[in-house]
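A.B. asks: turn this into a structure:
(chains A and B)
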There are 2 protein chains.
Amino acid sequence: MTRLYDDPATFTDDMLAGFLDVHRDTVTGVPGGVVRVTETPPGKVAVVVGGGSGHYPAFCGVVGHGFADGAVVGNIFTSPSAQDAYSVGRAAAGTAGLLFSTGNYAGDVMNFTLAQQRLKEQGIDTRVVFVTDDIASAPASEAGERRGIAGDFVVFKVAGAAAEEGYDLDAVERVARHANDRTRTLGVAFAGCTMPGGTEPLFAVPSGRMGVGLGIHGEPGVGEDALPPAAELARRLVSGVLAEKPAGSGDRVTAILNGLGTTKYEELFVVWRTVAALLAGQGLEVVAPEVGELVTSLDMAGCSLTLVFLDEELERLWCAPADTPAFRRGRVEPRTEVLRGVAAPGDAGSRDRLGGRPDHLAGTAHPDQPSVAAPGSPASRACAQVAVSALEAMAAAMAGAEARLGRIDAVAGDGDHGRGMVKGSSAAFAAAREAAGAGAGARSVLVAAGEAWAAKAGGTSGVLWGAVLCAVGRSLGDDREKITGSGVADAVAAGLKALLELGRAQPGDKTMVDAFVPFCEALTERVGSGAELAAAWRESALVCESAAGATAGLRPRVGRARPLAERSVGTPDAGATSLALCALAVADVLERAR
Amino acid sequence: MTRLYDDPATFTDDMLAGFLDVHRDTVTGVPGGVVRVTETPPGKVAVVVGGGSGHYPAFCGVVGHGFADGAVVGNIFTSPSAQDAYSVGRAAAGTAGLLFSTGNYAGDVMNFTLAQQRLKEQGIDTRVVFVTDDIASAPASEAGERRGIAGDFVVFKVAGAAAEEGYDLDAVERVARHANDRTRTLGVAFAGCTMPGGTEPLFAVPSGRMGVGLGIHGEPGVGEDALPPAAELARRLVSGVLAEKPAGSGDRVTAILNGLGTTKYEELFVVWRTVAALLAGQGLEVVAPEVGELVTSLDMAGCSLTLVFLDEELERLWCAPADTPAFRRGRVEPRTEVLRGVAAPGDAGSRDRLGGRPDHLAGTAHPDQPSVAAPGSPASRACAQVAVSALEAMAAAMAGAEARLGRIDAVAGDGDHGRGMVKGSSAAFAAAREAAGAGAGARSVLVAAGEAWAAKAGGTSGVLWGAVLCAVGRSLGDDREKITGSGVADAVAAGLKALLELGRAQPGDKTMVDAFVPFCEALTERVGSGAELAAAWRESALVCESAAGATAGLRPRVGRARPLAERSVGTPDAGATSLALCALAVADVLERAR
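C.D. replies: Just a heads-up that it's a prediction; the model follows:
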């Protein structure tokens, strides 16, 4: 949804005014568009690109050294007029002629051709190259009729670099046509964009479906299919484009995985992971690929894969330095530092590992994870077995409550509490089971569990639960001869102390502290009064549950990481709620273990 | 909507694998995140940033020369664990100590502080600076409790540049804290993002409303208000941030107008236009502003304004070169070209014109628009008056049909036909009226109309209608003694000829040609049979209308700018439809003029 505008009728003008202000060191406005802030040097061919707007960084964003000399800027998704193209061409042209390049659309073809005629009449040698990379828009037998989409970027970059290198007009035109001949794109669309002032998108794709063969002017796809997982989408894009590999091309390519506007960087990188593996599997070497938003379509959702089948000249021109508002290439300072000698297994820079799940983020891959091997006393090992069962019950409780905890958390936070608790508790259970299986006592088992919880879950709840479990374990030790009810209550109190020290939340701040403090007090009191542990824990867990519910009545704390929203007053705290659920789950285990 | 993923549980790992492949020349993976591909040089402080993922380019995208030495990468919107932070810190640290910096969130504070303790235990001097730029998250009296949003980018950049310059650890920490003290952000949200695997956004904002005070982890705003026009939004952001201008700051600032993910570049430039004018109006000089997506929140809609109140040191460090996957600064080659001497009124690079509507795109601003002054014969001037009325009627018909034409066009195209026809016909009417008022004949009036149509509308329909009107005018001339029915029919035939030559569409291609050919043939035949012009035109216009409707039965042409969608078979062509509407509107005028 395009929401920010003043007057839809002047949207393009208003956009250009802002753009020109931000990038005044690089570009300046002329009637019909934008040119470099510097004069075209004598003898240098001018390259002027263009088309409708709504595609930023295309096309005004690529005016600058090593790329375009000017951009003709039409209204949103509308070809600029012949007069606009003429005006920008005349402003950009130096003494060595002019190359126009645009996507192959009827309006652009007519308007840029008319402008070319007019410039020629004035003695400015002018050529026009229309980009035709979209393989979905016409069959290969009518390749000249295809439209230009993200491949525009390639042809414009290559032509701009050639002109910067000093190619004459014939040669710039030749290499631009050659780049176009070697460039193929296939795209998919998930949702249409909304024009400024519009209330509905230009088209809609049903949920779970995708349009195949996107247009960058709000056109729907030419076909429709089910939306597949990212890896399968990558396979279809790669096989679709490779099916049109030009005859005689070699094994070096470059690629653009282009987002249309609302398909974001993280998603594109996930798709790229498989694209890279597939291209490598085909024996292709990928040179200087680009993954990001290069040719957008306002807030359209979708992406496209462009492959350019390189030769030496195209590779050199694609890799040449550029310095424009939206695209830069080339080192700003020569690299003097020494490359890292990292060659460990799972080297993240290597292509080999793209096919498998990268393990460098997994908690267990950390090189200096402390290993747990202290043998426990018989009583401590028995206690450890109960702890393992308790963690198993907690993990099950969290799995069952994940969605509910997420909903509660989304009221005032980011909705990830349920997932974090599931990740942490299941990792803690796994680590505890492994340590107990190796004969560890309560301390070692719970420290292993706590460290795994913190490492795997991350976030606030992860680090806090990790600290609590470690403190509980350290209090219980590995070598006691007997674990009493008051020993357990003391251990829980040690866990609360660790929570208070690390989290620095106060009672009344509406956090898990508000449920933990009454739980701990009740447990200490009941065990101190001689109650059996299982019964005391059950009663204390019910106190905890009640206290967690009461956080809904507390006013949320103003400040750090906690929105001011009054609306969250009626919702209990997610951390307090999950603590109560865990305490209740453990009560069941203690009763069974009795 | 986040749509592209394989397994939501491994989304961050999969994303990192793709990221590391694309940017393998700059970064490499280590357990817990990313470091530069080069060793930290002896004596250089290492700057390690981080936080949850989902914010690309923040934070792994800014690892590289002049910026961060490493980034700790947590799961989406989740603090990385202390172990992750420790691991990346250890990998990045050289001999001169380490600065961690993250946003001020409970989880990040705990985890990075724990990592700091562990690194210090190993003899690595480590500092931590938490960013607190979000003025909406807590009152000024509790500024230390505020959370970090887009201002993260500023603090990280300044710290990274200082380390690159050779500052020692004390000095890097000092200037990072100083940058944080001088940085203020206020943001607004229009729609929440969707987590990978989720089906609903984390929050929703009612249509036409906005959340004020956004969080970058899917948190809703702290307040809500009506969504204003772009200029009013700019005013609120500027006044909100300037209300917290730090004491003792001067008149130089830098700014980030940051898009959260689906609020796109064009919209941000429209807002920036007013932001720049307002800051200039306050006497502030804006140095090296950034307008774009620097700290995103998956596919969240919204934007924020960050101002940094500079001193000499902060300005130098902000402007220092950087070379990272997602952010580069500094010229890749020294500029040898000569700055343009353009100083015309309306110089688009100047800030002065930001307040007003830029006129450099308006058709009338073109420097060499041919002026129309040929005086017409009495008969030609009378004909010209009819032409003016005809254009007025066409403009009214197009205004009435704009929405309908847009809907028809959206089936197979980009939905802009209605708007283009309104723009073109109204501009043509205005130009014709002006020329006729100056005494011009039919030729001059219609040529002026055609040129205005092409220049103002742009696009395909604009250039074609412009060519048709010019050809009709040239056929009618300025100096005839009498304009006959057959003269008008000949002129229409000349218009058709121009259309066919320029547009190169053939009958049956489902374009306006399919309605124009039968119209022209009918008019020629009826006028040739002695019918009165008005009656002949009416009958021919009905033929035209019928032929336009029949384009719905034609199979759309495969290829250039025309999707293959079978679905468009049932819809008439938008260009043929608007031609018929214009022909019918002119019939009314001719009847009245009889």
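
A.B. asks: let me see the contact set for the closest residue in space to A:G283 that isn't next to it in sequence.
C.D. replies: Distances taken as CB to CB, 6 or more residues apart in numbering or on different chains place A:D251 nearest to A:G283, at 5.6 Å, with adjacent residues excluded. In short, each C-beta sits where N, CA and C put it, glycine included. Residues near A:D251 by CB atoms under 8 Å, 6 or more residues apart in numbering or on different chains: A:283-285.

A.B. asks: do A:A427 as well
C.D. replies: Contacts for A:A427 (CB under 8 Å, 6+ apart) come out as A:363, A:452-453, A:455-457.

A.B. asks: parallel or antiparallel, which strands does the helix or strand bottoming out on mean pLDDT in chain A pair with?
C.D. replies: Least confident helix or strand of chain A, by mean pLDDT, DSSP states H and E, is strand A:223-226 with a mean of 90. Paired neighbours of strand A:223-226 in the sheet (DSSP bridges): strand A:209-212 (antiparallel).

A.B. asks: ok, and what's touching the strand it pairs with?
C.D. replies: For strand A:209-212, contacts defined as CB under 8 Å, 6+ apart pick out A:136, A:186, A:188-190, A:203, A:205, A:220-227, A:233, A:302.

A.B. asks: could you rerun that using 10 Å?
C.D. replies: A:136, A:186-192, A:203-205, A:219-228, A:233, A:236-237, A:240, A:301-303, B:3, B:563, B:565 (CB atoms under 10 Å, 6 or more residues apart in numbering or on different chains).

A.B. asks: select only the buried ones of the residues you listed in ChimeraX?
C.D. replies: A single ChimeraX command selects the buried members of the contacts of strand A:209-212 (16 or more other CB atoms under 10 Å in any protein chain shown):
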select /A:136,186,187,188,189,190,191,192,203,205,219,220,221,222,224,227,233,236,237,240,301,302,303 /B:3,563,565
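
A.B. asks: among the contacts of strand A:209-212, name the ones in strands.
C.D. replies: In strands, defined here by DSSP state E, the members of those are A:186-191, A:223-226, A:301-303.

A.B. asks: dihedrals phi and psi, the closest residue to chain B within the stretch 351-500 of chain A?
C.D. replies: Nearest to chain B in the stretch 351-500 of chain A, going by CB to the nearest CB, is A:T460, at a distance of 3.5 Å. The phi/psi pair for A:T460 (degrees, to the nearest 10) reads phi -70, psi -50.

A.B. asks: I'd say it and B:S81 touch.
C.D. replies: No. In this structure, A:T460 is not within contact of B:S81 by CB atoms under 10 Å, at 11.1 Å.

A.B. asks: give the residues shared as contacts by those two.
C.D. replies: Common neighbours of A:T460 and B:S81 (criterion: CB under 10 Å, 6+ apart): B:107, B:110-111.

A.B. asks: let me have the residues you listed in TSV, adding secondary structure as columns.
C.D. replies: TSV is the format used below for these (DSSP: H, G, I helix; E, B strand; the rest coil):
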residue	secondary structure
B:G107	helix
B:M110	helix
B:N111	helix
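
A.B. asks: buried ones among the contacts of A:D251?
C.D. replies: Using 16+ other CB under 10 Å as the burial test, the contacts of A:D251 include A:L284 as buried.

A.B. asks: which members of the contacts of A:D251 occur in strands, if any?
C.D. replies: Using DSSP E, the subset of these located in strands is A:E285.

A.B. asks: ok, stretch A:433-451 near chain B or not?
C.D. replies: Yes. Stretch A:433-451 lies within reach of chain B by CB under 10 Å from any CB of the partner chain, at A:E451.

A.B. asks: would you mark the buried spots in the longest helix anywhere in chain A?
C.D. replies: For chain A, the helix that runs over the most residues, judged by DSSP state H, is helix A:378-412. Buried residues in helix A:378-412, counted by 16+ other CB under 10 Å: A:379-395, A:397-398, A:401-402, A:405-406, A:408-412.

A.B. asks: assign a three-state SS to A:L584, would you?
C.D. replies: A:L584 - assigned by three-state DSSP - is helix.

A.B. asks: and A:D311, how far from chain B?
C.D. replies: Note on A:D311: its distance to chain B, by CB to the nearest CB, to the nearest Å, is 22 Å.

A.B. asks: so what's that residue up against?
C.D. replies: A:178, A:182, A:248-250, A:252.

A.B. asks: and if you look at A:F77?
C.D. replies: Residues counted as contacts of A:F77 (CB under 10 Å, 6+ apart) are A:51-55, A:105, A:107, A:193, A:195, A:202, A:215-219, A:297-298, B:413-416, B:419-420, B:459.

A.B. asks: among the residues you listed, which lie within helices?
C.D. replies: A:107, B:419-420, B:459.

A.B. asks: if we only consider those residues, which is nearest to A:G528?
C.D. replies: Of all those, B:R419 has the smallest distance to A:G528: 79.2 Å, by CB to CB.

A.B. asks: burial measure for the closest one, as a count.
C.D. replies: Look at B:R419: counted by other CB atoms under 10 Å in any protein chain shown, it has 25 neighbours.

A.B. asks: A:G97 reaches A:D170, doesn't it?
C.D. replies: Yes. Here A:G97 reaches A:D170: they are 8.9 Å apart, a contact under CB under 10 Å.

A.B. asks: these two: which is more packed in?
C.D. replies: Under the criterion of other CB under 10 Å, the comparison of A:G97 against A:D170 puts A:G97 first, with 21 against 12.

A.B. asks: in stretch A:123-143, what's buried?
C.D. replies: The neighbour-count check on stretch A:123-143 (16+ other CB under 10 Å) flags A:124-138, A:143 as buried.

A.B. asks: swap that for stretch A:513-522, please
C.D. replies: For stretch A:513-522, the neighbour count (16+ other CB under 10 Å) marks A:513-520, A:522 as buried.

A.B. asks: A:E501 touches B:T113, doesn't it?
C.D. replies: No. A:E501 lies out of contact with B:T113 (CB under 10 Å); the separation is 11.2 Å.

A.B. asks: ok, these two, which is more surrounded?
C.D. replies: Set A:E501 next to B:T113 and count neighbours by other CB under 10 Å: B:T113 wins out with 18 against 10.
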